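K.L.:
Any chance you can model this:
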Amino acid sequence: YMTTATEGEDAVAAEPLRFSGFDRVEVTSANPNYYALFLGVGFCIVWERFHGWRKWLFSAVIVSAIIFSGSRSVLLFPLAALVWSVYRTRGYGAKLGVTSMLTVALFIILQSGVTRLSDSEAISASDAERLGFAKIAFSMAEDKPLTGVGWGRFISEFSNYSRSVDRFFISGTVVDLASHERRVTHNDFLRILAELGWVAFCMSLVCVLYGLYLCWKQRNTDFGYIFPLWLGLIFFSLTHNNMNTAFFWFLFLFPFVIFDRRGLLQYKKFN
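P.N.:
All right, here's what the predicted structure looks like:
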């Protein structure tokens, strides 16, 4: 939500203005982004486990649903699954051809102006806001580098730091974060940095890198599809706050529980 400048830089209207004029599909989910996340995970599994016409039909339906959800970050799921499939099977000719056609089709849809992903003003405003949130998160970590402001306190501390972010204009509309009392980071790693400090932030990065390594090791097994799925999940956390859902933790902990030799379960038991 933004406020409209009417007479000079300092004049703003009382009513908020939404940049995007597109409806976003969310079905029964809490919001369109979580709906798209579920679809992205489903695409990785369908692309790996289904065959024949069902694979192509279901994949096309899932990608279409992701597009109409308006979630940009989840588009990485199908892209990563396609590239990973080519790498694992070495079926470069046919799959690269199909991937190229799908990429062109996706580009045409995005340029058609029928979805929220075509709204450049809304995308620019969203990106600008996220940069402002990042600056606020780093300011919190700078003030309290070891402990952060406290777990769950970014929202309540937001108004104390938001004035440090300059206002900016997009198409005659001013975006002023200082006018908001409570906002979220829209990034799980920035949330860890702001609320728990640099030590916890660095430990989270090490944990993610180790998780990617565990998924990579399973690339030639029946669980090979986990790598693009997990990669997409981490990328989604770079643009949204996702750690408050059980769905996230189930997927995030999966490689540590199944693939790590010190985990609760062992993949070899399923062979």
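K.L.:
Now do the strands in the stretch 51-200 of the chain.
P.N.:
168-170, 173-175 (DSSP state E, counting those that start in this stretch).
K.L.:
By mean pLDDT, show me the worst of those strands.
P.N.:
In terms of mean pLDDT, the lowest-scoring of these is strand 168-170 (a mean of 56).
K.L.:
Name all residues that make contact with Leu233.
P.N.:
Going by CB atoms under 8 Å, 6 or more residues apart in numbering, Leu233 touches 37, 41, 242, 248, 251-252. Bear in mind the C-beta positions are built from the backbone N, C-alpha and C, glycine included.
K.L.:
ok, those vs Phe223, which is closest?
P.N.:
Lowest distance from Phe223 to the contacts of Leu233 (CB to CB) belongs to Leu251, with 12.4 Å.
K.L.:
secondary structure element for the closest one?
P.N.:
If you go by DSSP states H and E, Leu251 is part of helix 246-258.
K.L.:
Averaged pLDDT, that helix. What do you get?
P.N.:
The predicted model assigns helix 246-258 a mean pLDDT of 90.
K.L.:
which parts of that helix are buried?
P.N.:
Within helix 246-258, the residues scored as buried using 16 or more other CB atoms under 10 Å are 248, 251-252, 254-255, 258.
K.L.:
Packing partners of that helix?
P.N.:
helix 32-49, helix 198-217, helix 226-237 (3 or more CB pairs under 8 Å, 6 or more residues apart in numbering; DSSP states H and E).
K.L.:
Throw those into a markdown table and include mean pLDDT and distance to Lys135, thanks.
P.N.:
Compiled in a markdown table, the helices and strands packed on helix 246-258 are given as follows (pLDDT from 0 to 100; distance: least, CB to CB, whole Å):
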| stretch | mean pLDDT | distance to Lys135 |
| --- | --- | --- |
| helix 32-49 | 89 | 22 |
| helix 198-217 | 93 | 16 |
| helix 226-237 | 92 | 19 |
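K.L.:
May I see these organised as a markdown table, with distance to Ile192 added?
P.N.:
Output for the helices and strands packed on helix 246-258, formatted as a markdown table (distance: least, CB to CB, whole Å):
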| stretch | distance to Ile192 |
| --- | --- |
| helix 32-49 | 19 |
| helix 198-217 | 5 |
| helix 226-237 | 10 |
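K.L.:
Could you say which one of the ones you listed comes nearest to Ala80?
P.N.:
With CB to CB as the criterion, Ala80 lies closest to helix 226-237 of the helices and strands packed on helix 246-258, at 3.7 Å.
K.L.:
and the angle from the closest one to helix 32-49?
P.N.:
170 degrees (axes from the mean of the first three to the mean of the last three CA atoms, to 10 degrees).
K.L.:
what is the orientation angle of helix 226-237 with helix 198-217?
P.N.:
Going by the same axes, to 10 degrees, helix 226-237 makes 150 degrees with helix 198-217.
K.L.:
and which of the contacts of Leu233 is nearest Ile66?
P.N.:
Distances from Ile66 to the contacts of Leu233, taken as CB to CB, are shortest for Leu37 (9.5 Å).
K.L.:
contacting residues around the closest one?
P.N.:
The contact partners of Leu37, taken as CB under 8 Å, 6+ apart, are 71, 74, 233, 236, 242, 247.
K.L.:
which residues touch the last one?
P.N.:
Spelled out, it's Phe247. Here Phe247 is in contact with 34, 37-38 (criterion: CB under 8 Å, 6+ apart).
K.L.:
gap between Tyr225 and Lys217?
P.N.:
From Tyr225 over to Lys217 the distance is 14 Å, taken as CB to CB, to the nearest Å.
K.L.:
now swap in Thr239 and tell me
P.N.:
In this structure, Thr239 and Lys217 are 27 Å apart, going by CB to CB.
K.L.:
again, but for Ala141
P.N.:
Taking CB to CB, one finds Ala141 at 33 Å from Lys217.
K.L.:
again, but for Val83
P.N.:
18 Å.
K.L.:
The closest residue to Asn33 other than its chain neighbours: neighbour count?
P.N.:
Once flanking residues are discounted, Asn33 sits nearest to Ser71: 4.9 Å by CB to CB, 6 or more residues apart in numbering. For Ser71, the neighbour count with other CB atoms under 10 Å is 27.
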